[in-house]
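A.B. asks: After the sequence you'll find the predicted model.
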Amino acid sequence: MTLEQMKIFKEAARFGSFTAAADYLGLTQSAVSMSIKKIEERNNVILFERMGKGLVLTAAGEFLLREASRSLLDVELLCRRLRDYEEVSGEPTAVACSHHAYNFWMPGIILEPGRVFRASVDLMTGSAEDVTAWVMRGTVDVGLSELEPCHPLFKHVNVFDDRIILLAAPHQAKTLPEHMQLRDLEEHGPVIWAADDHDRVIGQALSEAGIDPTRLHQKGIRLRSVEAVLCALKYGRSIGFAPEAAASAAIAAGQLERVGDVEFSLKYYLFGKKGFDIANVARRISTIATEIAAERLVAPPRAGSGHE
């Protein structure tokens, strides 16, 4: 399968229409149709099924879309690296971050002029697994993630820490024990948290405390981002876990309150392949992250502070 065929397939899947994909790509409808047909015939699969006036992906199509999207992104990142290549720089020119690190930490860190990266930096985001894979393949120089890398090819440094805390909207917090503990969660659940970003971190912490995470989690819903969790907590009747850095603005605005003393440590690791010196960059990131945390993490009000 060629890169061009993958691009055509991806756009056909995005639009659910060969005609719309052809218009977007500047091709004829028959060229798009033929490209899809060649992939199907070569691999003996069906990628699309017709539904009404549109097209929907089959199971094979869903699989190919995931893998093709990942492969195309890798190629795009590789091309960007090639354009910005500096042989004698010694500084990372491409850094991949987990979604939460990208949204709540790294933009503020790299905007400190000349203090983190001396060269221009291409900052990108993906799942923790994506970040690890990009570093492994050399698509990026270094990665930043909440999951400690264990592969022997990597060296890593804990550059800064956050805390995952228990939160609720003020009206909901007033219904909960003032000094709520982990053992109270099953009685006052369900509890929501970001399934993709921190599922393993929270799940491991709960399991170590003897609590089955599956008995706490909101049934029938899996929120995929910290932002979605915070939104649900502000307007809903649930309690939930979120990193303090992400929740600090909502706490300061009185939209959310911290519940009890429940918290888990959340560590961030900068890592790269052995042979790439990450020590200087790690030191600079750690210094600036500490300054940001000191400004951002004002002591939050506790649930119950408004109890009469």
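C.D. replies: Arrived safely, thanks for sending.
A.B. asks: Let's check: the centremost residue of the protein is which one?
C.D. replies: Against the mean C-alpha coordinate of the chain, by CA atoms, centre = their mean, the closest residue is residue 99 at 2.5 Å.
A.B. asks: quick one, what contacts that residue?
C.D. replies: Residues in contact with residue 99, defined by CB atoms under 8 Å, 6 or more residues apart in numbering, are 125-127, 196-197, 225-226. For glycine as for every other residue, the C-beta is placed from the backbone atoms N, C-alpha and C.
A.B. asks: With residue 254 instead?
C.D. replies: If a contact means CB under 8 Å, 6+ apart, then residue 254 has residue 170 as its contacts.
A.B. asks: List the buried residues in stretch 28-45.
C.D. replies: Going by neighbour count (16 or more other CB atoms under 10 Å), the buried part of stretch 28-45 is 32-33, 35-36, 39-40.
A.B. asks: er, stretch 259-272 I mean
C.D. replies: By 16+ other CB under 10 Å, the buried positions in stretch 259-272 come out as 259-260, 262, 264, 266, 268-272.
A.B. asks: closest to residue 68 among the contacts of residue 99?
C.D. replies: residue 126 (15.4 Å; CB to CB).
A.B. asks: what's across from the closest one in the sheet?
C.D. replies: Assessed by DSSP bridges, residue 126 has beta-bridge partners residue 98.
A.B. asks: follow-up on the earlier one: top of the contacts of residue 99 by number of neighbours, please.
C.D. replies: Neighbour counts for the contacts of residue 99 peak at residue 197, which has 27 neighbours (criterion: other CB atoms under 10 Å).
A.B. asks: Retrieve the pLDDT associated with that residue.
C.D. replies: pLDDT, residue 197: 66.
A.B. asks: Equivalent analysis for residue 205, please.
C.D. replies: pLDDT, residue 205: 85.
A.B. asks: My guess is it contacts residue 264. True?
C.D. replies: Yes: with contact defined as CB atoms under 8 Å, residue 205 reaches residue 264; the gap is 4.2 Å.
A.B. asks: how close does the residue nearest to the centre of the chain get to residue 246?
C.D. replies: 11 Å (CB to CB, to the nearest Å).
A.B. asks: Give me the common contacts of those two.
C.D. replies: residue 226.
A.B. asks: what are the ranges of the strands in this structure?
C.D. replies: Under the criterion DSSP state E, the chain contains strands at 48-51, 54-57, 94-98, 122-126, 142-145, 154-168, 191-192, 239-243, 257-273.
A.B. asks: Nearest to residue 17, out of the ones you listed?
C.D. replies: Across the strands of the chain, closest to residue 17 is strand 54-57 (CB to CB), at 6.2 Å.
A.B. asks: Tell me the helices and strands packed up against the closest one.
C.D. replies: Packing partners of strand 54-57 (3 or more CB pairs under 8 Å, 6 or more residues apart in numbering; DSSP states H and E): strand 48-51.
A.B. asks: how about 10 Å then?
C.D. replies: Using 3 or more CB pairs under 10 Å, 6 or more residues apart in numbering; DSSP states H and E, the elements in contact with strand 54-57 are helix 3-15, helix 18-25, strand 48-51, helix 59-83.
A.B. asks: How about the first one, which residues are buried there?
C.D. replies: Put plainly, it is helix 3-15. For helix 3-15, burial by neighbour count (16+ other CB under 10 Å) applies to 5-13, 15.
A.B. asks: so which of the residues you listed comes closest to residue 47?
C.D. replies: Using CB to CB, these come closest to residue 47 at residue 9, 7.0 Å.
A.B. asks: Residue 165 contacts residue 260, doesn't it?
C.D. replies: Yes: contact status for residue 165 versus residue 260: in contact at 9.1 Å, counting by CB atoms under 10 Å.
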